[in-house]
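Engineer: Okay, structure incoming, though there's no sequence with it:
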């Protein structure tokens, strides 16, 4: 049914992505789909970036990739069973752009129960679900 599945991971929302990864992995196995697991490193404001070490971007990429590898291994997913991606920018546009670039036909997202500020500002999951060109599966943590 699905050929390419994208799973965005927010390291700060630990409980919200674990079930999403498990669900996406099960779907990918059942359908023989390509599984892509990504993390978005939020853009650093220019006034802050000037005080960071020159190799900050490369170091943060390496750390994020190491965390993704650890997480995937912790869920029993072999390195050959998922492609890992690290992107930079604003979270929900990067998720949508990556889904488009990969030709993803499903995005599996972990979602937490919305709080008051989420109703005013909107959650990443809600924005992705509203604007994605493909199916979106929200998994509550």
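Structural biologist: In hand now; what should we look at? Quick caveat, the model's predicted, so the values are computed rather than measured.

Engineer: In this structure, which residue is most central in space?
Structural biologist: The geometric centre of the chain, computed from its C-alpha atoms, lies nearest to residue 8 (CA atoms, centre = their mean), at 1.2 Å.

Engineer: Skipping its backbone neighbours, what lies nearest it in space?
Structural biologist: On the basis of CB to CB, 6 or more residues apart in numbering, the spatially nearest residue to residue 8 that is not a chain neighbour turns out to be residue 95, at 4.8 Å. All C-beta atoms are positioned from the backbone trio N, CA, C, and that covers glycine.

Engineer: average model confidence for the helix or strand where the one you found lies?
Structural biologist: Counting by DSSP states H and E, the secondary-structure element that holds residue 95 is helix 91-102. The average pLDDT within helix 91-102 is 97.

Engineer: list the helices and strands it packs on?
Structural biologist: strand 4-9, strand 34-42, strand 83-89, strand 106-111, helix 124-131 (3 or more CB pairs under 8 Å, 6 or more residues apart in numbering; DSSP states H and E).

Engineer: Between those, which one is closest to residue 71.
Structural biologist: Within those, the stretch nearest residue 71 is strand 4-9; the backing value is 6.9 Å (CB to CB).

Engineer: Partner strands of that closest one, with direction?
Structural biologist: Paired neighbours of strand 4-9 in the sheet (DSSP bridges): strand 34-42 (parallel), strand 106-111 (parallel).

Engineer: now the first one: how far from the chain's centre is it?
Structural biologist: Put plainly, it is strand 34-42. With CA atoms, centre = their mean, to the nearest Å as the basis, strand 34-42 stands 4 Å off its chain's centre.

Engineer: what residues does it touch?
Structural biologist: Contacting residues not belonging to strand 34-42 are listed as 3-11, 21, 24-25, 28, 60-61, 64, 67-68, 71-72, 77, 81-91, 94-95, 98, 102, 104 [CB atoms under 8 Å, 6 or more residues apart in numbering].

Engineer: Same question for stretch 12-32.
Structural biologist: Counting contacts by CB under 8 Å, 6+ apart, the residues outside stretch 12-32 that touch it are 1-3, 5, 7, 9-10, 33-35, 37, 71-72, 75, 77, 81-82, 106, 108-112, 137, 139-141.
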